[in-house]
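# Next come a sequence and a model predicted from it.
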Amino acid sequence: MTEQNTEIGATRLRSRSWFDNPGNPDMTALYLERYLSFGLSVAELQSDRPIIGIAQTGSDLAPCNRHHLVLADRVRDGIRDAGGIPIEFPIHPIQETGKRPTAALDRNLSYLSLVEVLYGYPLDGTVLTVGCDKTTPACLMAAATVNIPAIALSVGPMLNGWFKGERTGSGTIIWKARELLAAGEIDYRGFIELIASSAPSTGYCNTMGTATTMNSLTEALGMALPGSAAIPAPYRDRQQAAYESGLAIVEMVKADRKPSDIMTRAAFLNAIRVNSAIGGSTNAPIHLNAIARHMGVELTLDDWQDHGAGVPLLVNLQPAGEYLGEDYYRAGGVPAVVGELLRAGLLDGDALFCNGKTLAENYAHATIEDTRVIKPLTEPLLDNAGLTVLSGNLFESAVMKSSVISDSFRARYLSNPDDPEAFEGRAIVFDGPEEYHARIDDPTLEIDENCLLVIRGVGPIGYPGGAEVVNMRAPAALIRAGVDALPCIGDGRQSGTSGSPSILNAAPEAAVGGGLALLQTGDRIRIDLKRRTANMLVPEEELQRRREALGVGVDVPAPQTPWQELHRKITGQYPGGAVIESAVQYQRIAQERGLPRDSH
Ligand code: FES
Ligand code: MG
């Protein structure tokens with residue numbers, strides 16, 4: 001993007017070095033020949049029309065994003081109408097529930113492959129078709145690294161789920177249904193029916209899980225068109241947003257408006273505040289920190305504590321609240337939330353958006369349409385709704401989502417008048433989900449309401465990828481006795497759809513020798529939310545003895561695929577976004593590293 005050309009914007013389109021390079025006629029012919037073979041013409045490819053990629057994440061393997069196969073037609077229409085040439089291509093599928101051992105293992109793989117595609121092919125800009133949990137960060141991370149103009153198009157949530165007159169939300173209903181099954185209140189058939197009711201249409205999870213969170217934050221960052229994130233997948237407005245995103249990306253290429261112009265530190269801090277107000281997923285800090293690192297923007301867990309913790313919860317969506325995706329959209333979606341925070345001075349209104357306007361220009365007049373679903377700042381669902389970042393001898397950092405601490409949990413664990421934010425309990429330690437599933441109802445463990453459940457060996461290196469297994473249910477006998485949840489701690493993650501107030505994302509993880517590796521069943525743990533500490537109450541000499549006996553970390557299963565092995569060698573811990581550490585030095589490569597060499 002360095003050669004001068006006034007035909008379009010200030011720079012010559014990078015795709016023209018493939019298709020219109022008088023200095024290298026043989027290669028030009030070689031490149032043209034194959035792209036002509038499906039019907040494009042020389043005139044089109046040698047024109048000043050930008051070539052726009054449509055990074056297709058939808059497929060039969062990725063049902064959450066599958067509707068993008070339909071939406072892509074409207075994206076193409078928009079690109080054509082604005083004067084661009086659409087080129088659609090598949091990217092490595094990532095489906096959150098179907099991919100074993102975890103979709104999180106594939107986020108960095110998808111990132112890596114998309115960097116190669118965006119950089120190595122004749123693309124001037126791209127539409128990122130985002131949706132299911134890891135697809136959104138994978139796409140934004142790659143767009144940050146390559147730094148060609150890029151716009152995200154959300155596939156949108158599914159329609160609301162209903163069962164016997166009540167809303168059933170994706171994921172959230174599973175955590176509830178398995179308690180009902182464990183308590184014997186429903187049979188297995190009823191269990192499946194209840195869960196299936198939550199997924200009535202195409203689209204991503206209709207709760208405020210990681211998908212709704214990351215799509216909302218993508219809009220708040222400025223990387224998607226204002227108002228586009230929350231539109232349910234089957235709505236006509238979703239098709240219109242697809243068309244408009246196609247128009248917008250061509251304008252972005254003409255203006256040379258790149259991810260680095262949009263994803264600034266101010267934009268990330270805005271997204272952190274919006275995350276608190278929407279009751280966003282505990283996966284958000286991992287993904288947002290990862291995107292920021294690839295963008296070269298400083299962003300740490302301290303920023304989540306400092307900028308997010310004091311923001312109130314406004315969005316009444318499951319799991320923290322009652323409603324679902326359709327309600328969120330009808331109540332005003334992301335614009336309603338951003339408008340409310342902006343007018344209170346909680347956001348930086350100067351942040352630039354993909355459409356060339358500032359956040360303030362886009363949202364100054366956005367209003368809440370239904371205050372049952374989105375609350376005004378004067379009547380929030382909860383004050384101080386952000387994530388609490390904890391530390392101590394169990395880990396250097398872990399996060400807890402304050403907005404999902406239930407009244408019954410609060411009454412049981414956080415009601416000591418002398419010390420209202422602290423509790424102690426006896427640790428029950430599971431090495432991985434297999435041991436947890438096999439032993440949670442084992443009476444010899446003598447699990448009672450004063451226990452904390454701990455799971456380890458399930459972080460980014462240990463699992464590998466980091467498993468969503470920390471929200472463990474209490475033993476069936478305790479549930480029947482009315483104790484519906486025990487405090488949980490782990491070096492894995494938790495589904496954003498879970499309402500469990502677990503302490504998650506502990507880093508460093510036990511597999512690399514973090515503090516959790518030293519813990520033993522029966523040790524006492526003290527959590528103090530006010531001081532933001534989490535410690536095992538074990539004498540230092542004893543910890544030292546255990547450390548010497550440990551080796552590198554707790555034992556974890558051997559890798560089963562080549563990528564699992566590679567991933568373990570190159571991936572960092574959660575606070576740094578669990579990115580491929582050596583990839584961070586490759587920034588803005590379309591500008592900084594020149595064009596790739598010719599293919600022949
Ligand atoms: Fe794909 Fe929830 S499983 S969005
Ligand atoms: Mg998940």
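Ah, there it is. Ligands and ions are numbered 1, 2, ... in the order given.

# Now do Tyr119 against ligand 2, distance only.
29 Å (Cβ to the ion, to the nearest Å). Where you see a C-beta, it was placed from the backbone N, CA and C, and this is true even at glycine.

# Just the pLDDT for that residue.
Looking at Tyr119, its pLDDT stands at 98.

# Of all the residues in the helix or strand harbouring it, which ones are buried?
Assigned by DSSP states H and E, Tyr119 falls within helix 104-120. Within helix 104-120, the residues scored as buried using 16 or more other Cβ atoms under 10 Å are 104-112, 114-115, 117-119.

# Let me know the next secondary structure element after that helix.
strand 125-130.

# Which strands and helices lie in contact with the following helix or strand past that following strand?
Downstream of strand 125-130, the next assigned helix or strand under DSSP H and E is helix 135-146. In this structure, helix 135-146 makes packing contacts with helix 104-120, strand 125-130, strand 150-154, helix 210-221, helix 259-262, helix 284-295, helix 589-592, judged by 3 or more Cβ pairs under 8 Å, 6 or more residues apart in numbering; DSSP states H and E.

# Contact partners for Ala291?
Residue 291: Ile, not Ala. Counting by Cβ atoms under 8 Å, 6 or more residues apart in numbering, Ile291 makes contact with Pro137, Leu140, Met141, Ala144, Met263, Phe268, Gly577.

# Looking at the buried residues of helix 104-120, which is nearest Ala183?
Closest approach to Ala183 among these (Cβ to Cβ): Ala104, at 30.4 Å.

# quick one: the closest one from Lys134, how far?
Ala104 sits 6 Å away from Lys134 when distances are taken as Cβ to Cβ, to the nearest Å.

# out of the helices and strands packed on helix 135-146, nearest to Ala29?
Short answer: helix 104-120, nearest of the helices and strands packed on helix 135-146 by Cβ to Cβ, at 19.1 Å.

# Could you check the angle that closest one makes with strand 150-154?
Helix 104-120 and strand 150-154 are oriented at 140 degrees to each other (axes from the mean of the first three to the mean of the last three Cα atoms, to 10 degrees).

# can you pull the buried residues of stretch 55-69?
Ala55, Gln56, Thr57, Gly58, Ala62, Pro63, Cys64, Asn65, Arg66, His67, His68, Leu69.

# and if you look at stretch 190-204?
Phe191, Leu194, Ile195, Ser197, Ser198, Ala199, Ser201, Thr202, Gly203, Tyr204.

# what do you get for stretch 580-595?
Of the residues in stretch 580-595, those buried (16+ other Cβ under 10 Å) are Ile580, Ala583, Val584, Gln587, Arg588, Ile589, Ala590.

# ok, the fourth one - contacts?
Pointing back at Gln587 there. Neighbours of Gln587 in contact, by Cβ under 8 Å, 6+ apart: Ala144, Thr145, Asn147, His294, Met295, Gly296.

# how about the helices of the stretch 401-550 of the chain, start to end?
In the stretch 401-550 of the chain, the helices defined using DSSP state H, counting those that start in this stretch lie at 407-413, 433-439, 476-480, 540-550.

# All the strands of the stretch 401-550 of the chain, residue numbers only.
422-431, 451-456, 488-490, 503-507, 524-528, 533-536 (DSSP state E, counting those that start in this stretch).

# Give me the neighbour count for Ser415.
11 (other Cβ atoms under 10 Å).

# OK, contacts around the residue lying closest to Tyr35 once chain neighbours are set aside?
For Tyr35, ignoring the flanking residues on the chain, the nearest one in space by Cβ to Cβ, 6 or more residues apart in numbering is Leu45 at 6.1 Å. Leu45 is in contact with Ser15, Phe19, Asp20, Leu32, Tyr35, Leu36, Ile51, Ile85, counting by Cβ under 8 Å, 6+ apart.

# can you do 10 Å?
Residues in contact with Leu45 (Cβ atoms under 10 Å, 6 or more residues apart in numbering) are 15-16, 18-20, 28, 31-32, 35-36, 51, 85, 122.

# nearest to ligand 1, of the helices of the stretch 401-550 of the chain?
helix 433-439 (17.9 Å; Cβ to the nearest ligand atom).

# which other helices and strands contact the helix or strand bottoming out on mean pLDDT in the chain?
Ranked by mean pLDDT, DSSP states H and E, the helix or strand of the chain with the weakest confidence is helix 407-413, at a mean of 81. Counting contacts by 3 or more Cβ pairs under 10 Å, 6 or more residues apart in numbering; DSSP states H and E, helix 407-413 packs against strand 422-431.

# Show me which residues of this structure are close to ligand 2?
Glu96, Glu468, Ser495 (Cβ under 5 Å from the ion).

# overlap between the residues you listed and the residues near ligand 1?
The residues of the residues of the chain next to ligand 2 that also fall near ligand 1, by Cβ under 6 Å from any ligand atom, are Glu96.

# and the contacts of Ile291 as TSV, adding pLDDT?
Shown next, in TSV, are the contacts of Ile291 (pLDDT from 0 to 100):
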residue	pLDDT
Pro137	98
Leu140	98
Met141	99
Ala144	98
Met263	98
Phe268	98
Gly577	98
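
# So what pairs up with the closest residue to ligand 2 within the stretch 501-600 of the chain in the strands?
Nearest to ligand 2, among the residues of the stretch 501-600 of the chain, is Leu504, at 12.1 Å (Cβ to the ion). Leu504 forms beta bridges with Val399, as assigned by DSSP bridges.

# quick revisit: give me the buried entries from the residues of the chain next to ligand 2.
By 16+ other Cβ under 10 Å, the residues of the chain next to ligand 2 give Glu96, Glu468, Ser495 as buried.

# so the second one bridges to which residues?
For Glu468, the beta-bridge assignment (DSSP bridges) gives partners Arg493.

# For it, which residues are in contact?
Glu468 makes contact with 96-97, 102-104, 133, 171, 210, 282-283, 433, 458, 490, 492-498, 504, according to Cβ under 10 Å, 6+ apart.

# now with 6 Å?
Arg493, Gln494, Ser495 (Cβ atoms under 6 Å, 6 or more residues apart in numbering).

# cool, Ser216 as well?
Going by Cβ under 6 Å, 6+ apart, the list of residues near Ser216 reads Ala229, Ile278, Val334.

# thought Ala506 was touching Asn393?
No. Counting by Cβ atoms under 6 Å, Ala506 does not reach Asn393; the two are 11.5 Å apart.

# Name the residue in these two with the higher neighbour count.
Ala506 (31 against 18).
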